[in-house]
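Chemist: Can you look at this prediction? I've put the sequence above it.
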Amino acid sequence: MSRSVKKLTGLVAATFTPLTAEGEINLSVIGPYIDYLIEKQNVKSVFINGTTGEGCSLTVDERKQLAAAWCQHGKGNYGQQKCIKGTRARHAASIGADGIAVISPSYFKPINADALRLFIKEVSAFAPDLPMYYYHIPSMTGVALDAADVLNGIEQMIPSFQGVKYTGTDLRDLGQCVCYSQSHNWSVMFGVDEQLLGALVLGVHGAVGSTYNYLGHIVNQMLAAFDNGNHMQTRALQFEFMEVITFAKNLGFDVSVNKQVMSEVSGLAMGPPRLPLLPCPVSKAQAIAQKIKDFSQRH
Ligand SMILES: CC(=O)N[C@H](C=O)[C@@H](O)[C@H](O)[C@H](O)CO
Ligand SMILES: CC(=O)C(=O)O
């Protein structure tokens, strides 16, 4: 089946999970959220229940409800909308998600690439026709096996395997993932937004990230400049982008701050984060949001 799957490319927003002031999931925001991404950011694909979406802090039932809502709104209104879901493979297949991404277990950690491949295979068996991606994010899982080692031979174990979402800064390993993926027509999606240009040069096929929620329109311009071979413009945009992220990092940029920034920039009510993340002071988010708005206005 893997040959008939449309290859994942371009920008994918790793979505925030809207919560009410009381901390319940707020599905009513998802329709307007999808409109915002498409109309204001020109971003047509979403990655839900990931790091940005606080997937690990949600119950299984909440994740299922969110996945169903994103797929229902996305598919109903926009044929192009994509959903890639972090967990619950069988459910993802049943609601029409376009794919699923699996992170490494992080409490009992796989001791080698074989163990991790076996784990991903076991998940994929619940949804054998659903495109499967390995989500490499050693900064969160603590599992720093080379992703290229995980890919090696995985096509023989998982026929639905379609690629990797690479949130790491090891360009050697990333390059080897791209190289290995070529002959399988897989997608390598990059996940360190402020370093995207380095990954583009190595040939990644797209990017999944939190900042494409509100800077997707600019990064789309960067991708277009890159495709046109305009290195000067690509670099200039990446440098401006880096400056915004550096400003945010100096203020303590985490998922909580990021979520409040999204509320400020988009006007959509993302609500508070869930513990152990602490609510972000509004003034801090406003300072970052202003930088983002200034950047957007310049382009
Ligand atoms: C560790 C983490 O959550 N990385 C995200 C994606 O994987 C990125 O989108 C970052 O949020 C972004 O690059 C800002 O640093
Ligand atoms: C950024 C990303 O991909 C995630 O939120 O999981």
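Modeler: Thanks, I have it. Because the structure is a prediction, the values reported are computed rather than measured. Numbers count the residues shown, from 1 in each chain. Ligands and ions are numbered 1, 2, ... in the order given.

Chemist: give me phi/psi at Val12?
Modeler: Main-chain torsions, Val12, degrees, to the nearest 10: phi -120, psi 130.

Chemist: which ones are touching it?
Modeler: Val43, Ser45, Val46, Phe47, Lys82, Ile84, Met189, Gly206, Ala207, Val208, Gly209, Tyr212 (CB atoms under 8 Å, 6 or more residues apart in numbering). The way it works is simple: take the backbone N, C-alpha and C, and place the C-beta from them, glycine included.

Chemist: Am I right that the second one is in contact with Lys7?
Modeler: No: Ser45 lies out of contact with Lys7 (CB atoms under 8 Å); the separation is 11.9 Å.

Chemist: out of these two, which sits in the busier spot?
Modeler: Taking neighbours as other CB atoms under 10 Å, Ser45 and Lys7 compare with Ser45 leading, 23 against 12.

Chemist: So what pairs up with the more buried one in the strands?
Modeler: Beta-bridge pairing for Ser45 (DSSP bridges): Val12, Lys82.

Chemist: pLDDT at it, what is it?
Modeler: Ser45 carries a pLDDT score of 94 in this model.

Chemist: Could you shift the numbering so residue one becomes 41, and keep it that way?
Modeler: In the new numbering, first residue 41, that becomes Ser85.

Chemist: That one and Tyr173, how far apart?
Modeler: Distance of Ser85 to Tyr173, given as CB to CB, to the nearest Å: 12 Å.

Chemist: With Arg212 instead?
Modeler: Here Arg212 is placed at a distance of 21 Å from Tyr173 (CB to CB).

Chemist: number of nearby residues for Asn268?
Modeler: Here the number of neighbours of Asn268 (other CB under 10 Å) works out to 10.

Chemist: again but with Gln202, I slipped
Modeler: Around Gln202 there are 26 residues (other CB under 10 Å).

Chemist: same deal with the one 10 residues further on?
Modeler: Taking other CB under 10 Å as the criterion, the count of residues near Arg212 is 10.

Chemist: Angles on the backbone of Gly246, please.
Modeler: Dihedral angles (degrees, to the nearest 10) for Gly246: phi 170, psi -170.
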